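Colleague: here you go, sequence then predicted model.
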Amino acid sequence: MISNITADYRARDAAHHLHPFSEMRALNAEGSRVVVRGEGSWIWDSDGRRALDGMSGLWCVNIGHGRREIAAAVTRQMAELSYTNTFFKSTHPPAIALAEKIATLTQPHLSHVFFTGSGSEANDTVVRMVRHYWAERGKPAKQVIISRRNAYHGSTMAGASLGGMKPMHAQGGLPIPGIVHRAQPYWFGEGGEMSPEEFGIAAARDIEAAIEEIGEDNIAAFIAEPIQGAGGVIIPPETYWPEIARILAGREILTVADEVICGFGRTGRWFGSDFFGIRPDLMSIAKGLSSGYLPIGGVVVSSAVAEVLSANEFNHGFTYSAHPVCCAAALENLRILEEERLVDRVAEEIGPYLQRGWRALADHPLVGEARMVGLIGALELVPDKPSRSVAFPDTGKVGTLARDLSIANGLVMRAVRDSLIIAPPFTLSFEEADFLLAAARKTLDDTLDAAR
Ligand code: PLP
């Protein structure tokens, strides 16, 4: 039963709001889920039902919902200077402080930040930046960007083109030219008879094969998420990133780490690049930079790249590049992460605790693999456990069913194909972790019953 308030919200929503990424048939039939409040790890719907936000919104509310300190910082900044631009040789104190702060958190060679409003804008910026970089260095033929199948790099024309999601390419005439998609290190789904270690090497060597086919003289960059998030929390085998490093070493190809999900502590290190030992030339950031309190993203670049880009005007920028209020929210978020030692908490306390319980779900008859790093994890649901087959006959149906049952059990998880994904806030308590694990197990049982 839904209340009159919810019915009213749903009717008005259906009348005027076009939703991003939503299963339209189900949305039209069932109406939207109306979320009205968030506090800590929890969100409440318009009927007063609460659910543990196991996805931190969209992998972003890392410090938890409702932090009054952010509201206060934002209010102060709005009263002081609500907006000014950073074009035409201008700057302002929050932009200066935030760029400086980010440079202290990243690897020492990463020194400068170009601000954007989102992760997609960050990756659009990457495309223009790496091509411009090589043109400035007198190598304008270096245009191609190598990405990976099933990658997610955002929803704008360039972001979705960099991404390797077929359903996204199928709409709007994508990808744009000059983007090549090669193997992803998805051992569970694509590793066949190989061990994870063998498959990690093989997936990396497919990138090497692409470089040889296309020719280094034509390639600007290789872009990858340290852990593919929206593709299904694909944690690469241990051999993958070292092999990529070997392949790119000494080659004139920029390494771009898309840290939009992994960045700012999700893996238990400040960046996924630190976790895997990647040495990126550029990093896309967003989400965890402000814990989603206000939209802000950016591209962090090495001093070598910054030097080239600083020589001549880069004809690129957004009205909201380094929006002062968003910068203030991000600065306060980073202060909270540091003062409350939340990244260490992911590495040493709540992360290992949740990982232990999560991996134990692998004993369930529906679960083919339970994987997690830091506070980002997936359960691969399978029809036939011993054979490691990922193929339910109607891909996505069981995953979506499980996701909906999970919400009914008071836990927000996300479905990717037939896997279930979590990325809870870093502030998750041990009791909340226990709740999450119990709700996930009940969801698996309910899914098994419903699918029978
Ligand atoms: N890159 C990655 C790895 C992401 O996961 C996302 C969003 O989920 C993006 C880029 C796009 O960010 P935004 O939605 O802020 O444009």
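Modeller: Alright, I've got the coordinates. Everything numeric in this text was worked out from a predicted model, so none of it was measured. Numbering: from 1, shown residues only.
Colleague: let me see the mean pLDDT of stretch 9-21.
Modeller: Across stretch 9-21, pLDDT averages out at 96.
Colleague: cool, and stretch 103-115?
Modeller: Across stretch 103-115, pLDDT averages out at 98.
Colleague: quick check: buried residues in it?
Modeller: 103, 105-107, 110-115 (16 or more other C-beta atoms under 10 Å). Where you see a C-beta, it was placed from the backbone N, CA and C, and this is true even at glycine.
Colleague: tell me if it is near the ligand.
Modeller: No. Applying C-beta under 6 Å from any ligand atom, one finds stretch 103-115 separated from the ligand by no less than 13.0 Å.
Colleague: what sits up against that stretch?
Modeller: Residues outside stretch 103-115 that contact it (C-beta atoms under 8 Å, 6 or more residues apart in numbering) are 86, 95, 98-99, 102, 125, 129, 264, 270-271, 273-274, 279-280, 283, 296-306, 309, 318, 321-323, 327, 334.
Colleague: how about the residue nearest to Ser32 when sequence neighbours are not counted, what does it touch?
Modeller: Excluding its sequence neighbours, the residue lying closest to Ser32 (C-beta to C-beta, 6 or more residues apart in numbering) is Asp13, at 4.9 Å. When the contact criterion is C-beta under 8 Å, 6+ apart, the partners of Asp13 are 31-32, 34.
Colleague: wait, which of the buried residues of stretch 103-115 is closest to the ligand?
Modeller: For those, the closest approach to the ligand (C-beta to the nearest ligand atom) belongs to Phe115, at 13.0 Å.
Colleague: tell me the secondary structure at the closest one.
Modeller: Applying DSSP: H, G, I helix; E, B strand; the rest coil to Phe115 yields a three-state assignment of strand.
Colleague: check contacts around the residue nearest the centre of the chain.
Modeller: For the chain, Ile261 is the residue whose C-alpha lies nearest the centre (C-alpha atoms, centre = their mean; 2.8 Å). Shown in contact with Ile261 (C-beta under 8 Å, 6+ apart): 59, 225, 227, 229-230, 272, 287-288, 376, 423.
Colleague: tell me the contacts of the residue in the stretch 101-250 of the chain that the ligand sits nearest to?
Modeller: When distances are taken as C-beta to the nearest ligand atom, the stretch 101-250 of the chain reaches nearest to the ligand at Gly119, 2.3 Å away. Shown in contact with Gly119 (C-beta under 8 Å, 6+ apart): 153-154, 159, 258, 260, 284-287, 297.
Colleague: how about 10 Å then?
Modeller: Listed by C-beta atoms under 10 Å, 6 or more residues apart in numbering, the contact set of Gly119 reads 58, 60, 152-156, 159, 258-261, 263, 284-287, 289, 295-298.
Colleague: before we move on, what about Thr75?
Modeller: For Thr75, the contacting residues are 325, 328, by C-beta under 10 Å, 6+ apart.
Colleague: return the set of buried residues in whichever helix or strand it is part of.
Modeller: Mapping Thr75 onto the secondary structure by DSSP states H and E places it in helix 68-80. For helix 68-80, a neighbour-count test (16+ other C-beta under 10 Å) marks 70, 73-74, 77 as buried.
Colleague: for stretch 332-352, same thing?
Modeller: For stretch 332-352, the neighbour count (16+ other C-beta under 10 Å) marks 332-334, 336-337, 342-347, 349-351 as buried.
Colleague: let's see which of the contacts of stretch 103-115 end up in helices.
Modeller: Mapping these onto helices (DSSP state H) picks out 95, 98-99, 102, 125, 129, 273-274, 303-306, 309, 327, 334.
Colleague: what residues does the protein put near the ligand?
Modeller: So far as C-beta under 6 Å from any ligand atom goes, the chain lies against the ligand at 58, 118-120, 123, 152-155, 225, 229-230, 258, 260-261, 286, 297.
Colleague: buried among the residues you listed? Make that a PyMOL selection.
Modeller: Buried subset of the residues of the chain next to the ligand, written as a PyMOL selection, criterion 16+ other C-beta under 10 Å:
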select buried, resi 118+119+120+123+152+153+154+155+225+229+230+258+260+261+286+297
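Colleague: would you list the phi and psi of Glu332?
Modeller: Per-residue torsions, Glu332: phi -70, psi -40 (degrees, to the nearest 10).
Colleague: cool, Ala378 as well?
Modeller: Per-residue torsions, Ala378: phi -140, psi 150 (degrees, to the nearest 10).
Colleague: please tell me how far it sits from the ligand.
Modeller: Going from Ala378 to the ligand by C-beta to the nearest ligand atom, to the nearest Å gives 14 Å.
Colleague: the nearest residue to that residue once chain neighbours are set aside: neighbour count?
Modeller: Computed as C-beta to C-beta, 6+ apart, the closest residue to Ala378 that is not its neighbour in sequence is Val233, at 3.7 Å. Residues within reach of Val233, counting by other C-beta atoms under 10 Å, total 25.
Colleague: now swap in Phe21 and tell me
Modeller: The tally of other residues near Phe21 (other C-beta under 10 Å) stands at 8.
Colleague: surely Pro185 and Glu197 touch.
Modeller: No. Using C-beta atoms under 10 Å, Pro185 is not in contact with Glu197, being 11.1 Å away.
Colleague: quick one: common contacting residues for those two?
Modeller: Counting by C-beta under 10 Å, 6+ apart, the residues touching both Pro185 and Glu197 are 237, 239-240.
Colleague: export those residues to TSV and tack on neighbour count?
Modeller: Formatted as TSV, those follow (neighbours: other C-beta atoms under 10 Å):
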residue	neighbour count
Pro237	22
Thr239	19
Tyr240	25
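Colleague: CSV for those residues, including distance to Gly173, secondary structure and pLDDT?
Modeller: As requested, those are exported to CSV (distance: C-beta to C-beta, whole Å; DSSP: H, G, I helix; E, B strand; the rest coil; pLDDT from 0 to 100):
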residue, distance to Gly173, secondary structure, pLDDT
Pro237, 35, coil, 98
Thr239, 37, coil, 98
Tyr240, 32, helix, 98
